Every structure is written in C-alpha cells, then in structure tokens.
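Colleague: A structural model of the following input is requested.
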Amino acid sequence: MVEVGYYNGKYGPLAEMEIPMLDRACYFGDGVYAFSLAHQDKLFVIDEQIDRIYKRAAMIEIDIPYSKEEMKAILYEAVSKSECEDVSIYWQVSRGTDIRNHIYPGADKKANLMIMVKPGKVAGVDKRFKLITLEDTRYLHCNIKTINLLPSVIASEKARKAGCDEAVLHRGDRVTECSHCNVSILQNGTFRTAPTDNLILPGIARAHLIKACHELGIPVDETPFTLKELMEADEVIVSSSSTLCIQATEIDGKPVGGRDPLNMDKIRNAVYKEFYDYMGI
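Modeller: Predicted coordinates for the structure are as follows:
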C-alpha cells in the first residue's frame, strides 16, 4: 500500500476505509487531531505529538482508550504499512460512536482512533511563501487542536484563490496565526511570536523555533504583535510540522522581510538540521 488507513484496529488501503455515520467526528467535529512526518518509518518528535494530543483530548474531556505507548505502536505500524520512504501521518481521536445528541455519550462508548498515511515530505529549505491577511473569525478555543476546521478551510481557500500559500489571521490589529501554521517575526534581532493563550495553537514547530533561538542566543519575545509590525518586520516566518521554518516574502501583494538574512538563515538552518539529524536524513 502507498496510502494507508486505520480505524479502531483495522488497517487497509486509505481509499477503501469507511467509518460509521454515527462517529461524532462526522456531525459535530467532536475530536482532536495531530500530524507528523515520517522518514524510513521514523516519526519526527512523535513523543511531543502524542503528549499534545492527550493533553488536548483531556481539555475537552475525551478519554483516549490507549496508553501513550500503545498509541505510538499503532502509529508506527500504520507508517510501516506504506511502501513510501517519506510519508505524512494524520491521526484523530473522536469522542465515540453514538446517536446524534449534543450531550456526551455514556462511559460505555469508547473514543475512536482514525489514522491516514500518505506520501509527504518536509518543505524544502529554499521554499518561500506568499501570504494574505484575513480577520480571524474562528472560535475562542484555538489552543485546542480540534477537528472543527471549517474557518481554517475557508481561509486556506481564499489564500489559494489569491495566488498565495497561507492566510495570516488577525483579531482587530492583533496577529494570531495562519490558517494551519504559526506565524512569527524577526525584528531588531529578536524573535517575536504570539503568546500561547487561547487564540493560537501552540505548534510543535513553533516550540522548536524558540528552542533554536535560545541555543543561538537570539532573544525571544512571546507577546502579541500587530499587523503594522508584521508588515514592517525584518523577517516573517511561517512554521508548522510540515513547513518547519518558511520565510514569507509577500503579504497582501506587498514585499515583506528580507532585512535580516543572517538571523533568518541561522534559525532556519538550525531547525532543519535538527529535523534531518532526528530523521537520519
């Protein structure tokens, strides 16, 4: 198999997998998810990803019916069934299968685990992004990686139609994050990124960017920044588990960044080196 699916103990070709209509993911988006990359069956920072999905599940009172080690074993098994050397892996846990009712199902209803494995690689180190800005109309629990992603889907499509790679979201003048990435800036030699409050997802790639900055001696400022500061930043950085550290060169059709290539290259090279070393590439 190239594309692999999994649902509650059953593996198979992804296109042939089916889930029950009464899975609460279908009609409520009632669940949490995670995403990672794998190279030669090795998953990148998988322990961090697993820790986060368990924390997010607990935040909305979903009890995952596997230990973390059991979860890891299932994920590795799914990856191993793909014929591809480089794959992406998406997995989600929904609250369970039950007749539609806003109230949580009883304790006898176990959570469901779904996994999708397909070919995928980290973005190349020379990749550059064009961005647009959009008002952030999502709900107020963006720190929980739930599968309620319709606003992000709409924002991503608007970016595509504008010939861009991502949409930078903002609430009023405050920049939050992108539709499916974090966004940070370099200004006067300082790495600035939004605080991990309820308005952004505290991305794992974001955490590794902060770690790289600390190791490089680059100051880190985790306080909100504005649209004006975004447009005037020395560098604009987009990060996620699949992009790691992408330099943005355009926002709303205007050129941005390109004024601190030394620190930009230091951070980007450090993050990619960590990824390549970890994956044995």
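Colleague: Between its first and last residues, how far does stretch 3-19 reach?
Modeller: Terminal residues of stretch 3-19 are spaced 17 Å apart (C-alpha to C-alpha, to the nearest Å).
Colleague: For it, buried residues please.
Modeller: By neighbour count, with 16 or more other C-beta atoms under 10 Å as the criterion, the buried positions of stretch 3-19 are 3-7, 11, 14, 17. Heads up, the C-betas are built off the backbone N, CA and C, glycines and all.
Colleague: Mind listing residues that contact that stretch?
Modeller: 1, 25-26, 74, 77-79, 81-82, 91, 112-119 (C-beta atoms under 8 Å, 6 or more residues apart in numbering).
Colleague: Let me see the contact set for the residue lying closest to S179 once chain neighbours are set aside.
Modeller: Nearest residue to S179, sequence neighbours excluded (C-beta to C-beta, 6 or more residues apart in numbering): A155, at 3.9 Å. With contact set as C-beta under 8 Å, 6+ apart, A155 has these partners: 134, 167, 169, 179.
Colleague: Does the spatially closest residue to T146 that is not a sequence neighbour fall in a helix, a strand, or a coil region?
Modeller: Excluding the flanking residues, the one nearest T146 by C-beta to C-beta, 6+ apart is V32, at 5.5 Å. Classification of V32 by DSSP: H, G, I helix; E, B strand; the rest coil places it in strand.
Colleague: Report the contact partners of the closest residue to S240 other than its chain neighbours.
Modeller: Excluding the flanking residues, the one nearest S240 by C-beta to C-beta, 6+ apart is C181, at 4.1 Å. By C-beta under 8 Å, 6+ apart, C181 lies in contact with 166, 203, 238-240, 243, 246.
Colleague: sorry, back to before: from L186, how far off is the residue nearest to S179?
Modeller: Distance, A155 to L186, by C-beta to C-beta, to the nearest Å: 24 Å.
Colleague: With G203 instead?
Modeller: From G203 across to L186, the span is 17 Å (C-beta to C-beta).
Colleague: Assumed the residue nearest to S179 was part of a helix.
Modeller: Yes. A155: assigned to a helix according to three-state DSSP.
Colleague: show me what contacts the nearest residue to N188 once chain neighbours are set aside?
Modeller: Nearest non-adjacent residue to N188, counting by C-beta to C-beta, 6+ apart: D234, 7.2 Å away. By C-beta under 8 Å, 6+ apart, the contact set of D234 is 185-188, 257, 259-260, 263.
Colleague: residues contacting the residue nearest to D63 when sequence neighbours are not counted?
Modeller: Nearest non-adjacent residue to D63, counting by C-beta to C-beta, 6+ apart: A111, 6.3 Å away. Contacts for A111 (C-beta under 8 Å, 6+ apart) come out as 31, 57, 62-65, 93-96.
Colleague: try G203
Modeller: With contact taken as C-beta under 8 Å, 6+ apart, G203 is in contact with 177, 181-182, 239-241.
Colleague: For the stretch 1-150 of the chain, which segments count as helices?
Modeller: For the stretch 1-150 of the chain, applying DSSP state H, counting those that start in this stretch gives helices covering 24-28, 46-59, 68-80, 150-161.
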